[in-house]
Structures are given as structure tokens and as C-alpha cells.
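Engineer: 3D model of this:
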Amino acid sequence: MKKYCWVFLLTALFGLTASTLKAGPQDAEGCKDYPLFNRMPSFHIIDCDITEFEMRKFPVGPPLAEQKPKVLEIEGDLTLLKYELNEGAKQVSGLQIMRNFENAARKAGGTVLGTYPEWCQAYVEYDSRLGNQCTNWSVSMKFMVSGKEVYAYMQMIAEGSYGIQIIEREGMKQEIAVNAAELQKGLADTGHIAVYDILFDTGKSDIKPESEGALKEIAKMLTQSPGIRLHVVGHTDNTGDLAMNMKLSQARAAAVVAALTGRLGVAASRLSSFGAGPYAPVASNKTEEGKARNRRVELVEQ
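Structural biologist: Next up, the predicted model:
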């Protein structure tokens, strides 16, 4: 299994600690929990599989016509895990497992794409090793982790067992190489240029460390072109509250200006910050790809 530098555990929600876990059957050989999720107490892994590249359909929203919800077709590295309750352990309801995953996803900054309680309230094409096409106390989730989109679908397989399928999809690839020459050319050609390599965690305005290269190239471009003055404009997609997105986009733009004028030595008189929120999309917000394009920082020549 791959090594990960990031871990989100569901310990607080599942109530798990090393001291409270009781010894039970050993996991199937070579199997272990996926880094995003702890297991439910008193469960062990009975099967696992990792495929380098696969496609799965993840349900989104409530069931529509013929009990079929909208689905997202996601391609990427696939992990499948199946859990079974230890012999003699107290039974856990499907509702309890589903709610644990819902709450844990939100606490970890993820998005709950859809919940499907009880048996067969919706039909979804998923991995046949999780059961047939009927949902069963199921929840579909999405996370953004270290530049990757991670989709997870959990459902009860039978009483006392549940499974998870997880696909890691790389985040949107940078369309324009972030270097001083390309930045200067974009400003000369159109008066503005989008920068996608300045990254933030969901709902936050703290600039992530991997953005440093892009910031240095902006500072380099400004050093090479001393006559250029810029508006730094933050943009969001349309997810969530409008007022919140306006505030967030302004805070992100201000954070970029602070980084450039602080440790990178750009004169404050050459930069201003502005938050446009979701008001200037460059793609449809109806798709995840479109939302990724709309979340950006733009440099606009004054």
C-alpha cells in the first residue's frame, strides 16, 4: 500500500484509542486502514484490494427518477476495504456507522455528497464486492488532500459488515507554467492572468507551503518589470454562503499581498487586494472540474 504524508483519523468520532481497542481477529494479510479513516470498534478487515487506475461512479444528492441519483464518474487509484464485526462483539446499526462517516467527513473538512439510509432507497453502480446495486446505509464523500481529490463511498454489505471504496484523483493540473516570463506575457496579452499554484485549505486563507514557488515567480516578475502594479484578486466557486465566499476571497487575496510585501520584498504601493468571491467564474460551477478552475488567484494589471 502507498505511503502517505497526511493522515486524518476519525478517532474523536469513533471513540477509538489504542488502549480501548480490544484484541480481535487479525486483519487479512497485507491489509490496513486507509489513512483517512479509522475503523469502527470491534471490526477487522477481511479483504482489501488496490488497483493503480480504475473508474467508479460516486452518487451525488438525493435519488431522482427511478431511484437513481446523479453520479460522478471518477478515475484514479482505487482502494477497496471490507470490514467484519468480531465474533461475539455487540452489533452496530447501519445508521450508527453511516452517521459516524458523515460526521467524521465534515470534521475533517470533507464534503458529504449524498447519504442513502436504510435498504435500497437508491440504485448505484458501484464495486460488486460491496453488494448489489442497492444502497444500504450508504454515504458518499469527497476530500481535498495535498492537491488530490479523494472520493470515498461506504455502505453496509450485510449485518455486521461494511465496505469502503476510495479513489484518489489528482487535482486540476496547472495549465500555464507559473514562471516570471509567462506571468509577464499573460499580463501583456490580456491585462490579467490566473494563478492556480497558490493553494489554500478548504475554507481557509492561510497560504500552503507548496505555493512558495509561485509566489517567488510573481516577485521575480515584479522585480524584472518595475513599472507593473497589480490588483491581486481572490476568486471562489459558488459552494456555500455568498457572504462567506466574499470574505474568504478577500482574505486570500490579502494573504498573497502580505506574503509578497513581507518576506519577498515587493513594495506595498505596487499591490492591492480584492475579493470577487464567485462573481467572475471562468467555467461552470456544475462540475467539479469547473469549480476547480473557478478557485483561483488572479493578477490584474492596474
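Engineer: rest of the way, CA atoms for contacts and neighbours
Structural biologist: Will do.
Engineer: now the strands for the protein?
Structural biologist: 43-60, 70-85, 111-123, 134-145, 148-158, 161-170, 192-195, 230-235, 271-277, 296-301 (DSSP state E).
Engineer: looking at those strands, spot the one closest to Met244.
Structural biologist: If you check each of those against Met244 by Cα to Cα, strand 271-277 wins as the nearest, at 8.5 Å.
Engineer: just to revisit the earlier point, reformat the strands of the chain as JSON lines; add mean neighbour count and distance to Ala219.
Structural biologist: Formatted as JSON lines, the strands of the chain follow (neighbours: other Cα atoms under 10 Å; distance: least, Cα to Cα, whole Å):
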{"stretch": "strand 43-60", "mean neighbour count": "18", "distance to Ala219": "39"}
{"stretch": "strand 70-85", "mean neighbour count": "19", "distance to Ala219": "35"}
{"stretch": "strand 111-123", "mean neighbour count": "19", "distance to Ala219": "35"}
{"stretch": "strand 134-145", "mean neighbour count": "24", "distance to Ala219": "27"}
{"stretch": "strand 148-158", "mean neighbour count": "22", "distance to Ala219": "27"}
{"stretch": "strand 161-170", "mean neighbour count": "23", "distance to Ala219": "28"}
{"stretch": "strand 192-195", "mean neighbour count": "22", "distance to Ala219": "13"}
{"stretch": "strand 230-235", "mean neighbour count": "24", "distance to Ala219": "11"}
{"stretch": "strand 271-277", "mean neighbour count": "21", "distance to Ala219": "11"}
{"stretch": "strand 296-301", "mean neighbour count": "21", "distance to Ala219": "12"}
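Engineer: same list (these) but as a markdown table, adding distance to Pro25.
Structural biologist: Output for the strands of the chain, formatted as a markdown table (distance: least, Cα to Cα, whole Å):
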| stretch | distance to Pro25 |
| --- | --- |
| strand 43-60 | 7 |
| strand 70-85 | 9 |
| strand 111-123 | 28 |
| strand 134-145 | 25 |
| strand 148-158 | 19 |
| strand 161-170 | 14 |
| strand 192-195 | 51 |
| strand 230-235 | 50 |
| strand 271-277 | 51 |
| strand 296-301 | 48 |
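Engineer: what pLDDT does the model give the residue of the chain most remote from its centre?
Structural biologist: In the chain, counting by Cα atoms, centre = their mean, Gly227 sits farthest out from the average C-alpha position, at 38.9 Å. We have a pLDDT of 93 for Gly227.
Engineer: give the contact list for it.
Structural biologist: Gly227 sits next to no residue when contact means Cα atoms under 8 Å, 6 or more residues apart in numbering.
Engineer: switch to 10 Å and redo it
Structural biologist: Residues in contact with Gly227 (Cα atoms under 10 Å, 6 or more residues apart in numbering) are Arg270.
Engineer: gap between Asp243 and Lys286?
Structural biologist: Just to correct that, residue 243 is Ala rather than Asp. Distance, Ala243 to Lys286, using Cα to Cα, to the nearest Å: 20 Å.
Engineer: how about Leu81?
Structural biologist: Taking Cα to Cα, one finds Leu81 at 30 Å from Lys286.
Engineer: do the same with Lys247
Structural biologist: Per Cα to Cα, Lys247 is found 22 Å from Lys286.
Engineer: for this protein, longest helix please?
Structural biologist: Identified as the longest helix of the chain according to DSSP state H is helix 242-261.
Engineer: from what I can see Tyr162 touches Phe101, true?
Structural biologist: No: judged on Cα atoms under 10 Å, Tyr162 makes no contact with Phe101 at a distance of 11.7 Å.
Engineer: anything in contact with each of these two?
Structural biologist: Residues touching both Tyr162 and Phe101 (Cα under 10 Å, 6+ apart): 40, 138, 154-155.
Engineer: how far away is the nearest residue to Gly61 once chain neighbours are set aside from Arg99?
Structural biologist: Nearest residue to Gly61, sequence neighbours excluded (Cα to Cα, 6 or more residues apart in numbering): Gly114, at 4.7 Å. Distance, Gly114 to Arg99, by Cα to Cα: 12 Å.
Engineer: between the two, which contacts overlap?
Structural biologist: Jointly contacting Gly114 and Arg99 under the rule Cα under 10 Å, 6+ apart are 138-139.
Engineer: what's opposite the residue nearest in space to the middle of the chain in the beta bridge?
Structural biologist: Nearest residue to the geometric centre of the chain (Cα atoms, centre = their mean): Met144, 1.9 Å. Here Met144 sits in beta bridges with Glu149, as judged by DSSP bridges.
Engineer: would you confirm that Glu84 contacts His44?
Structural biologist: Yes: using Cα under 10 Å, Glu84 makes contact with His44 at a distance of 5.5 Å.
Engineer: now do the longest helix of the chain against strand 271-277, angle only.
Structural biologist: Helix 242-261 runs at 160 degrees relative to strand 271-277, counting by axes from the mean of the first three to the mean of the last three Cα atoms, to 10 degrees.
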